[in-house]
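J.: Fold the stuff below for me.
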Amino acid sequence: MATALFISLNELKKNTNISGNIDPNKLLPAIKVAQELELEPILGTDLYNKISNDILTDTLSGDYLTLKTNYIHDILIHMSVYYYLPYATYQITNGGVSKWNGGDNFESINKDDLTLLANKQKSIGESYKKRLITHLCNNSTLYPEYSTNSGEDIDPTRNTNRSGLYLN
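T.: Predicted structure coming up:
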């Protein structure tokens, strides 16, 4: 099944500090990963597929369009950057893996700065994810696909309290 992009490259560039001249082929995998690993677990497979199909057929409307515009959009903007950043300075070619140094006019970012940027994007994305989960839980009747998953489908996450390490 074909999956639509829930955000465009133009939306990603317009709403972040990503330069307009970055090769789209470097950004598309980050958007795809953000959709599949961050968004589908929140929506569940059925609602995710419904929105994807409606985007592909240009029939997204009503509550589903509102969901995409007011909630999904912001999550994917920041989580796509989060997934892109660790690979931004690296290039994989036939000759191996190399790190871009930006020439004489630029200084490469160090690992600590890169981690800081990535974590900031993740934090913003996580905040938007909480808003989406709250909206879906409070308005589940607007999206019947939210509760129709079965078999190998991914059931939607309804817990907004994600934490790191649990110490008993």
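
J.: What residues does L43 make contact with?
T.: For L43, the contact set (CB atoms under 8 Å, 6 or more residues apart in numbering) comprises 51, 136, 146, 156. For the C-beta atoms, the positions are set from N, CA and C on the backbone; glycine is no exception.

J.: Same question for I18.
T.: By CB under 8 Å, 6+ apart, the residues touching I18 are 12, 27, 81, 84.

J.: go again using 10 Å as the cut-off
T.: I18 makes contact with 9, 12, 26-27, 30, 77, 80-81, 84-85, 88 under the criterion CB atoms under 10 Å, 6 or more residues apart in numbering.

J.: Which of the residues you listed ranks first by neighbour count?
T.: The member of those surrounded by the most neighbours (other CB atoms under 10 Å) is S80, with 30 neighbours in all.

J.: Pull out the buried positions in stretch 124-132.
T.: Along stretch 124-132, the positions that meet the burial threshold by neighbour count (16 or more other CB atoms under 10 Å) are 124-126, 128-129, 132.

J.: for the contacts of I18, which one is nearest T45?
T.: For the contacts of I18, the residue nearest T45 by CB to CB is S80; the value is 20.4 Å.

J.: quick revisit: in helices, which of the buried residues of stretch 124-132 fall?
T.: Among the buried residues of stretch 124-132, the members found in helices (DSSP state H) are 124-126, 128-129, 132.

J.: Adding pLDDT and distance to T141 as columns, could you present those in TSV?
T.: As requested, these are exported to TSV (pLDDT from 0 to 100; distance: CB to CB, whole Å):
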residue	pLDDT	distance to T141
I124	90	29
G125	89	27
E126	91	26
Y128	90	22
K129	92	21
L132	93	16
